[in-house]
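# I'd like to go over a predicted model; first the sequence, then the structure.
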Amino acid sequence: MVLDQIIGTIVECEVDVLVIAGDIFDRAAPPATAVRQFNAFLSRVASETRAAVAMIAGNHDSGDRIASMSIMTDTRRALIRGDVSADERPLVLADKYGPVAFSGLPFAYEYTARECFADETLQSPEDVLAAQVAAARRNVPEGARWVIIGHAFVSGAQSSDSERPLVRVGGIETVGPEIFDGAHYVALGHLHRPQSVGVPHICYSGSPLAFGFDEAGTAKSMSLVEIDGAGAVDVKTIPFEPLRGIRTLRGKHAELVAAEPSTDFIKAVLTDDVPVIDGMKRLRAVFPNACDLTYERDQRAPEVKSLDGRQTKMANPLDVMGDFLELVRGERFNEDELKVIATALHDVRTGEDVE
């Protein structure tokens, strides 16, 4: 499995620090099996390697759950950040060139950051991250090379369909890369595709496995980063070899069930003109891990027409509600109403309870 490959790379390459940049789990309350598996992985890192661990919570994680992992850990070998802090202190390690400071900046929504930094002007992910970077910068030892670990959507990066937005409805999600000025390397989480953003030292390692069929064909990997005495970085890609691939197959059902059997995760897009009886059951006889079956004809966007016969676009919910308020009372949202409605729409979209 991928976790075994990570352990093997740490040992083989004599890695000094394992960086995990958030989204450790895929939900705030992960299943017990996932928690046990991750705990066993960390135990192996501690017992089988000499690497330190620097880890932060992402937007999928519960900050409190991740923070609890830091209790009674060896702070000389671990930096675990679940909650945002106005006094962010780094893990400081040393090599033959001198100290290297690792600052962990966990994901936080604006309302949490406003309380932490006592600053009601924080209105966006960029505002929050700027406050975190400033808090961390104050505690970096003079002359130390600086590594930032963050969880954000940096402008210019390529996203995937399965990533949950970092912002409430109507807000700006991205942050500019210049926010990290002064850092010698920035290890980012959130986006699933491995990539650098604008400059070689601002990097996403990506998710270790594909989480959606839009990631089919995307090579998964971990990044091996070396920092020299001047702070210049050399990034090497260590590819993962997943147990199963992920593929989208397109064609008639009869053609697909006649193909070479495979245990890969499969999404089948059928080009048949009429529905196939027991299509998925018959497909799984050849591809036991088939996950999805759709028809090409159903993937075409439906045409939405107005009463006068002209085509129109699906309306934005905020626009609909704004138009309604303007009709009944003569004015649209004020700022407080917009915050309440945006929060409710976000909760509906992510499946959270709306009171």
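Thanks, I have it.

# burial count for V340?
The number of residues packed near V340 is 10, by other C-beta atoms under 10 Å. Using the backbone N, CA and C atoms, a C-beta is placed for each residue, glycine as well.

# D336: which element?
In the assignment (DSSP states H and E), D336 maps to helix 335-350.

# So which elements touch that helix?
helix 317-329 (3 or more C-beta pairs under 8 Å, 6 or more residues apart in numbering; DSSP states H and E).

# Report the buried residues of the helix it packs on.
P317, L318, M321, G322, L325 (16 or more other C-beta atoms under 10 Å).

# What pLDDT does the model give the fourth one?
The reference is to G322. On pLDDT, G322 comes in at 73.

# and the gap between it and R332?
4 Å (C-beta to C-beta, to the nearest Å).

# ok, now the third one?
To R332, M321 is 9 Å away according to C-beta to C-beta.

# Between helix 317-329 and the helix holding D336, find me the angle.
140 degrees (axes from the mean of the first three to the mean of the last three C-alpha atoms, to 10 degrees).

# and D74, how many neighbours?
Count around D74 with other C-beta under 10 Å applied: 9.

# Report the secondary structure state of it.
Three-state call for D74 (DSSP: H, G, I helix; E, B strand; the rest coil): coil.

# K339 - how many residues pack around it?
With other C-beta under 10 Å as criterion, K339 counts 15.

# Do you know the pLDDT at it?
Model confidence at K339 (pLDDT) stands at 71.

# related to what we said a few turns ago, report the buried residues of the helix holding D336.
Buried, per 16+ other C-beta under 10 Å, within helix 335-350: L338, I341, A342, T343, A344, L345, H346.

# Go ahead and report the secondary structure state at the spatially closest residue to M222 that is not a sequence neighbour.
For M222, ignoring the flanking residues on the chain, the nearest one in space by C-beta to C-beta, 6 or more residues apart in numbering is I238 at 4.9 Å. Three-state call for I238 (three-state DSSP): strand.

# Then G206?
G206 ends up coil, using three-state DSSP.

# close enough to count as contact, it and H190?
No - between G206 and H190 there is no contact under C-beta atoms under 8 Å: 10.0 Å.

# And the helix holding D336, how far out from the chain middle?
22 Å (C-alpha atoms, centre = their mean, to the nearest Å).

# just stretch 97-116 next, same as before
On C-alpha atoms, centre = their mean, the centre of stretch 97-116 falls 16 Å from the chain's centre.

# Can you list the buried residues in that stretch?
Neighbour-count burial for stretch 97-116 [16+ other C-beta under 10 Å]: 99-110, 112-114, 116.

# in a helix, that's where V84 is, yeah?
No - with three-state DSSP as the criterion, V84 is assigned coil and is not in a helix.
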